[in-house]
Every structure is written in C-alpha cells, then in structure tokens.
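Asks: Give me a model of this one.
(one chain, ligands or ions: 2)
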Amino acid sequence: MTRPIVVFDLDGTLVDTAPDLLDSLNHCLVAGGAALTDGAGFRQFVGHGGRVMIERAYAAQKRMLDPDEHERLYTLFLEHYGNNIPGGSLPYPGVPNALARLEQAGYLLAVCTNKTQAFSERLLAGVGLSPKFAAICGADTFAFRKPDPRHLTETIARAGGDPRRAIMVGDSQTDIDTAKAAGIPVVAVDFGYTDRHVREFEPSRIISHFDALTTALCEDLLEAAQA
Ligand SMILES: O=C(O)COP(=O)(O)O
Ligand SMILES: [Mg+2]
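Replies: Ligands and ions are numbered 1, 2, ... in the order given. Below is the predicted model of the structure:
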C-alpha cells in the first residue's frame, strides 16, 4: 500500500520566517515611497506569496500601485529576501522531532507553499530540514497555487503519495481552504500568520505545538477520512 503522507505549509507553519519577510517587505515599501508595515499588518498580507503581500500592503495604505511599479518592487523583494536566506528564520519548536517521528512511522513528508520553489528549497536547506521531504513545491512549481487544490494534490503526486491517505498541516485560511477543496483533512497550527484565529476556518484539528502532531492524531484523521 502507498505510504501515508503529511504535507506541510512552510511560512508560519514549519519555519518562523516573519521577521525576514517583514524586513524584505519593508525594504520594498521604502523603495516605493510607502510607509513601513509592522508585525500586525504583515499577518494580513502574507499567505499568497510576495506579489500579493506587496499589493495588500499598498491597498492597506490606499496607495496606487501600477503594474510596472508592482513588478519593480516584487523584484526588489525577491532580491532582498533571496540575499538573506535563511536570515534569522528558524523551525518552530518541536518541528525536527515531529518530522523524525512521522518519518519513522513510515509517513512520506512534503512541503506545499506559496513561497517560490527556489527560496523554499534554500530556506529548508539552510535550516537543515530539506532531506526530510520527498517533494518541495512552491507557488511557481505548477501553473496553479494554493488555494487551488491541485497545488496540494500535485505535491502529493510528486512525493509518491496518495491523496486518499494524506494530511495537510498549515497556519492560514489559504491552507485550510486548499485542503478542504481537495477533500484532505487539515491540522491547523495556531501560532502562524493569520489575522483571524484559525478556528474560524474550521480545520479538522488545531495544535499549539508540534509535539501534539502525533502518529495517533494522524492515524485518527486518516481513518476518519476513509470512513
Ligand atoms: O509566502 C507566503 O505568502 C506564504 O507562504 P506559505 O504558503 O509557506 O505560508
Ligand atoms: Mg503559511
């Protein structure tokens, strides 16, 4: 039988990247003559990749952003962020143990993120986690990205998994909507980047620490999904 799989979101789920993303966002806001964003603002802008983050920061300031300027700022964002990876970003507490525990129990592991694939690979390599993953798929890996459920199902396919024996773990409405649209159970972490509490998006389970991502929890979710 195909091995079961757990697919993780990256920013705000596996790795705490907020300070680095915020630095890079502010770098391009300054370059565009806009006001700086703080941590609270950032939570409302993240989740759909860098381009959308810039667009939302501008919209929040009621500033116009024409397409050429948007592209210029996005390029600056990518340069700044890319030059700093992994910066001060670190895995959340319990992540290495949780990955090791699931791997030992026979689970395939993968990442499905709206960060670009190259940055995701570099970040995960930089924090020493990349060998754990059978697939790392970013916003630009396919012609679609979260919340399109195919981003998740194609990640599962690339990792050699089966969507009927899969679980998603994420921190945002985007992740929860994606998993639900794919018919896949979703565990939400409550420490990531969302301006509304994850319970409002009705995930299958909520955890506050990776120690709670046990094989028993995963088995329960897989069984319930089969029923
Ligand atoms: O970079 C983003 O906006 C979101 O990235 P994530 O999908 O890993 O949370
Ligand atoms: Mg996230």
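
Asks: gap between the strand or helix carrying P19 and the chain center?
Replies: If you go by DSSP states H and E, P19 is part of helix 18-31. Centre-to-centre, helix 18-31 and its host chain are 18 Å apart (Cα atoms, centre = their mean, to the nearest Å).

Asks: which strands and helices sit next to that helix?
Replies: helix 39-45, helix 50-60, helix 67-84 (3 or more Cβ pairs under 8 Å, 6 or more residues apart in numbering; DSSP states H and E). (Each C-beta comes from the backbone N, C-alpha and C, glycine too.)

Asks: Determine the number of other residues adjacent to whichever residue of the chain sits closest to ligand 2.
Replies: Across the chain, the shortest distance to ligand 2 (Cβ to the ion) belongs to G12, at 3.8 Å. When counting by other Cβ atoms under 10 Å, one arrives at 24 neighbours for G12.

Asks: How about it: what's its closest non-neighbour residue?
Replies: Once flanking residues are discounted, G12 sits nearest to G192: 3.0 Å by Cβ to Cβ, 6 or more residues apart in numbering.

Asks: Identify the spatial nearest neighbour of D211, chain neighbours not counted.
Replies: In space, D211 is closest to G94, 4.7 Å off (Cβ to Cβ, 6+ apart).

Asks: What backbone torsions are found at the one you found?
Replies: phi 90, psi -10 (degrees, to the nearest 10).

Asks: Residue numbering should commence at 3 henceforth.
Replies: Got it, the first residue is 3 from now on, which makes the last one we talked about G96.

Asks: so where do the strands sit in this structure?
Replies: 7-10, 17-18, 92-93, 110-114, 137-139, 168-172, 188-191, 207-209 (DSSP state E).

Asks: Let's have the ones you listed in JSON lines, adding mean neighbour count and distance to L126.
Replies: Putting the strands of the chain into JSON lines (neighbours: other Cβ atoms under 10 Å; distance: least, Cβ to Cβ, whole Å) gives the following:
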{"stretch": "strand 7-10", "mean neighbour count": "28", "distance to L126": "10"}
{"stretch": "strand 17-18", "mean neighbour count": "23", "distance to L126": "8"}
{"stretch": "strand 92-93", "mean neighbour count": "16", "distance to L126": "9"}
{"stretch": "strand 110-114", "mean neighbour count": "26", "distance to L126": "7"}
{"stretch": "strand 137-139", "mean neighbour count": "24", "distance to L126": "6"}
{"stretch": "strand 168-172", "mean neighbour count": "28", "distance to L126": "15"}
{"stretch": "strand 188-191", "mean neighbour count": "26", "distance to L126": "17"}
{"stretch": "strand 207-209", "mean neighbour count": "17", "distance to L126": "21"}
